[in-house]
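# 3D model of this:
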Amino acid sequence: MPELPEVETVCQGLLPAMEGVRIARAELRRGDLRWPFAPDMAARLTGARVVQLRRRSKYLLADLDRGESLIVHLGMSGRMVISGLAAPHVPGQFRFEHPALEKHDHVIFHMENGARVTFNDPRRFGAMDLCATEALEVHPLLAGIGPEPLGNEFHAAYLASRLKGRRTAIKAALLDQRIVAGLGNIYVSEALFRSRISPRRAAGRIAAARIETLTQAIRDTLTDAIEAGGSSLRDYRQANGELGYFQHSFRVYGREGALCVTPGCPGEVRRIVQSARSSFYCPRCQR
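All right, here's what the predicted structure looks like:
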């Protein structure tokens, strides 16, 4: 499932096609994705101008000039691809001609600038909903989500306060969206390796200095991943259809049995299962 860097990359890629542009026609080619669409969603979107396109946690948000916001979750296999528009200063980044629609092209945004944004989702675990912009923070999908890890509200003092007294493993704590928004399995594993903290360690038993290191490692890992266009392991694509390539920089994730990348470390990457998810770490480096 796409994590914060993938969703942020998609958001940035969609900006030239959608932000500030009116939706000439919204086309729904089925009645649902993971859940049914909002009532009259096509009509409510058609003619609306996208005032702002942004990300919250793992969700794309398109704020409209009608006082509503479109919420998009990519799910396991969803992707949003642009055609009919060249990105500013990057000739040929997007396809000029619209390709023929495919079986799993479920939602089409025909933009006033000639671009077409296609939401394709073979597994249909993605979701879309419409709600009043002023009510976004209480929407069931967004209510209670913690601060953005790249924002000013996320810092070592905050993280220390949320981890204090917790007996749960630090890996599980960082995956809790109520503590910090948008982190998933890949980037938590990578950030824990960078900070030399074992995914098994109790969250409430990490010293303040190490929490400082962990906070910066989370920021650095996410920033590096965004610059690389995210990680493409299965279905994920950027808005221009290209793969992300941060997966080539993984230090532990998916590297079970491989030698640790830390110079001089003789350890091998180990895989364990925590809360039904795989954790990858070096037991020699990470304590």
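
# now A26, what's its secondary structure?
Three-state call for A26 (DSSP: H, G, I helix; E, B strand; the rest coil): strand.

# check contacts around it.
Applying Cβ atoms under 8 Å, 6 or more residues apart in numbering to A26 gives the contacts M41, A42, L45, T46, V107, I108, F109, H110. For every residue, glycine as well, the C-beta is placed using N, CA and C.

# Nearest to N185 among those?
Among the contacts of A26, V107 lies closest to N185 (Cβ to Cβ), at 27.0 Å.

# Okay, and the beta partners of that closest one?
Note on V107: beta-bridge partners by DSSP bridges are L28, F119.

# Just confirm it contacts F119, I think it does.
Yes - between V107 and F119 there is a contact under Cβ atoms under 8 Å: 4.0 Å.

# quick check, P147 in a strand?
No - per three-state DSSP, P147 lies outside any strand segment and is coil.

# The protein: helices as residue ranges?
4-18, 41-45, 156-163, 170-175, 185-194, 208-227 (DSSP state H).

# Show me what the helix or strand of the chain with the lowest mean pLDDT is packed up against.
One helix or strand of the chain scores below all others by mean pLDDT, DSSP states H and E: strand 79-83, with a mean of 89. Packing partners of strand 79-83 (3 or more Cβ pairs under 8 Å, 6 or more residues apart in numbering; DSSP states H and E): helix 4-18, strand 116-120.

# any idea how far the shortest one is from the chain center?
The gap between the average C-alpha position of strand 116-120 and the chain average comes to 18 Å, counting by Cα atoms, centre = their mean, to the nearest Å.

# so it versus strand 79-83, what angle?
Inter-element angle recorded for strand 116-120 and strand 79-83: 150 degrees (by axes from the mean of the first three to the mean of the last three Cα atoms, to 10 degrees).

# So what angle separates the directions of strand 116-120 and helix 4-18?
Using the same axes, to 10 degrees: strand 116-120 against helix 4-18 is 150 degrees.
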